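J.: Structural data only, the sequence is not supplied:
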């Protein structure tokens, strides 16, 4: 059976979602504040498990798209994404019975919870990434052949655009252009699906994973234990199974530009444990690849998470700055993201990075 | 009463539309070929006068938007714009009883005729510019407070976007971004209006003007008479009333870039009649301002038309090139474009050009 999300769960949810965001998906602190506010207004957030989604259900995932660098300069009012869902419903002539995240990482974990609370819709504990990815077609729904459109995009002024694209790549291309014109980030409802399609194409349990990972970090800090040990331990109980500290170092250089609707760039982390080597992490909204020279330590779809060295608090790519003391954790992606078909969509080459994907478990420790 | 457009009218229509296009609105030769083809298929083009539009009519203007430099590299198949109209009808839940041009200049004079022929809809002999302008809000409909959206935009692949903007400036901004992503030009249906609104907000008779001006140029050439004299004479019988040859010269420099979804730049015309001075014409899709140094000879919304020096064949901005021998004609805009409210939308400052509008009649000959 599903459950009601409690206000006390929000710090853990926010922390875990930031971890799965691998630097992207939007600042979870903003999402947490927005969610606290709707809960303070007396609205409730009902979560349903993926297996509970019925054949008669109709699910419309919701979220925000754009560059996280823009999101932190353009804080949402709170009702924009619900408008996207309503506008898509009106266009389709249907009513959604549930919403859900398309991406479980970052603020996009909490945005559908706000939509659900506002509209009285249950939220499916599942997503289409098991993390955050920058492009609209980088979801398991797409890998399973689900059309992403019709899609609704709204901005804070109430401008609404309905996109019906001939494929999900054109969906990304056109909707990104619209998002740029809307100021670099916008509110979306897309990949409308019936119940059986959701059960087949989604990754279940990712909200639960956020809660568990957030709890591990929080409790370790409360108990003055090593949060990285706890995180690696907690990951073992999830579909991710495998996580490992890849690097301990200091941010010595950040190159970041908001371009073509994305935050792109790289960060360099000087090793502070003796070797003096420099780890470079390539960024497109999210951390994509961690490498030392030509040696790849971790690459998409596996997760590259940059965390505060003491507290294991995740650092988003837009918040990276010189001097931060960090640890980098690599996490194995869920198996659904590592099939040959999935790697075409989620692997390094899908981002224009000329590397083969090497599973974290097989890279040198 | 209205009339049926005949195939024999097309050369005059095409020539006159190119003249009113003031360099923009798309290459009319392409529009003429497309229209000839639908007529060869046995389809008919019915024209109705603006005064004949009934209270119960529902009019959806159609056209193409984008940079003319892209249009000549991406020739339409022929059915795309009709799809835009159909998609907008479906979104609005209405059926159009007529279509019409939003812009009477360039290829956009003929595009609605093709839509009308394909869908069996009469075409209103009217438009919202009396010429061509680059921006979606630069229409008399906008000056009369008509919302431009909901608007449908389609491309040659069948991708469709429905834009509902909070005002017509956002409509332009968002739809331009979509057009860029669709390859620099796209097919649109916008400013849906009921009959009384069309009668109030449109400029009537512009298709007829195209036919008359085209006929004047053609007949002068057939009779070996001066086509410029004929043109100026023909203009006197139209709402434009006043036209004058401003310059005779040779193209000595063209600067043209396709940027932000527009063809922007300028052309320099060296006087070949003795003075040796250089006329500069500023361009945003259309010719906007003709000046010699700081002396303005003609400025928007008045028409700056660059024509072949011998045949008076209009030269579109994308076809300008070094060495062309040309004459430039200035034409007074219809009074509806010269009111103080209209000048805010159509005057030089609306294009970022720091000049007051000076009516052609008042500029030094």
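T.: Structure received. Note that the coordinates shown come from a computational prediction; the quantities given were computed from them, not determined experimentally.

J.: can you tell me the helix or strand for residue A:279?
T.: strand A:278-284 (DSSP states H and E).

J.: packing partners for that strand?
T.: Packing partners of strand A:278-284 (3 or more C-beta pairs under 8 Å, 6 or more residues apart in numbering or on different chains; DSSP states H and E): strand A:243-259, strand A:262-271, strand A:286-292. Where C-beta positions appear, they are placed from N, C-alpha and C, glycine not excepted.

J.: Can you list the strands that it pairs with?
T.: Sheet pairing of strand A:278-284 (DSSP bridges) gives strand A:262-271 (antiparallel), strand A:286-292 (antiparallel).

J.: Give me the below-cutoff pLDDT ranges for the stretch 151-300 of chain A.
T.: Counting by pLDDT under 70, the stretch 151-300 of chain A has no low-confidence residues at all.

J.: So which residues on it come close to chain B?
T.: Contact residues (C-beta under 8 Å from any C-beta of the partner chain) of the stretch 151-300 of chain A with chain B: A:157-166, A:170, A:173-174, A:176-178, A:180-182.

J.: Mind giving me the ChimeraX select for the residues you listed, buried ones only?
T.: Remark: buried members of those, expressed as a ChimeraX selection using 16 or more other C-beta atoms under 10 Å in any protein chain shown:
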select /A:159,160,161,162,163,164,165,170,173,174,176,177,178,180,181,182
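
J.: Take the residues of the stretch 151-300 of chain A next to chain B and keep only those in strands.
T.: A:160, A:161, A:162, A:163, A:164 (DSSP state E).

J.: Once you drop chain neighbours, what's closest to the second one?
T.: Nearest-residue entry for residue A:161: residue A:153, 4.6 Å, with adjacent residues in sequence omitted and distances by C-beta to C-beta, 6 or more residues apart in numbering or on different chains.

J.: show me what contacts the nearest residue to residue A:286 once chain neighbours are set aside?
T.: Computed as C-beta to C-beta, 6+ apart, the closest residue to residue A:286 that is not its neighbour in sequence is residue A:24, at 3.5 Å. For residue A:24, the contacting residues are A:68, A:105, A:106, A:132, A:133, A:134, A:263, A:285, A:286, A:287, A:316, A:317, by C-beta atoms under 8 Å, 6 or more residues apart in numbering or on different chains.

J.: and which of these is nearest chain B?
T.: residue A:134 (16.7 Å; C-beta to the nearest C-beta).

J.: in what helix or strand does the closest residue to residue A:109 other than its chain neighbours lie?
T.: Closest residue to residue A:109 apart from its sequence neighbours, by C-beta to C-beta, 6+ apart: residue A:17 at 3.7 Å. Using DSSP H and E, residue A:17 sits within helix A:10-20.

J.: and that helix, how far out from the chain's middle?
T.: 11 Å (C-alpha atoms, centre = their mean, to the nearest Å).

J.: what does stretch A:131-142 give?
T.: That offset, for stretch A:131-142, works out to 9 Å (C-alpha atoms, centre = their mean).

J.: end to end, how far does it reach?
T.: This stretch, stretch A:131-142, spans 15 Å end to end (C-alpha to C-alpha, to the nearest Å).

J.: anything in that stretch near chain B?
T.: No. With C-beta under 8 Å from any C-beta as the criterion, chain B is not reached by stretch A:131-142; the gap is at least 13.0 Å.

J.: Residue A:307 in helix, strand or coil?
T.: What DSSP: H, G, I helix; E, B strand; the rest coil gives for residue A:307 is strand.

J.: That one contacts residue A:330, correct?
T.: No. Under the criterion of C-beta atoms under 8 Å, residue A:307 makes no contact with residue A:330, lying 11.5 Å away.

J.: Please enumerate the helices of chain A.
T.: Taking DSSP state H, the helices of chain A run over residues A:10-20, A:28-40, A:68-71, A:80-92, A:111-119, A:140-143, A:168-181, A:195-201, A:206-222, A:227-236, A:340-346.

J.: For stretch A:248-265, what is the distance to the chain centroid?
T.: That offset, for stretch A:248-265, works out to 18 Å (C-alpha atoms, centre = their mean).

J.: Flag the shaky bits of the stretch 1-150 of chain A, pLDDT-wise.
T.: For the stretch 1-150 of chain A (pLDDT under 70), the answer is A:1.

J.: residue furthest from the geometric center of chain A?
T.: residue A:274 (33.2 Å; C-alpha atoms, centre = their mean).

J.: quick one: that one from residue A:249, how far?
T.: Look at residue A:274 and residue A:249: by C-beta to C-beta, to the nearest Å, they are 11 Å apart.

J.: still on that earlier bit, how about the strands paired with strand A:278-284 in TSV, adding mean neighbour count?
T.: What follows is the strands paired with strand A:278-284, written out as TSV (neighbours: other C-beta atoms under 10 Å in any protein chain shown):
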stretch	mean neighbour count
strand A:262-271	21
strand A:286-292	24
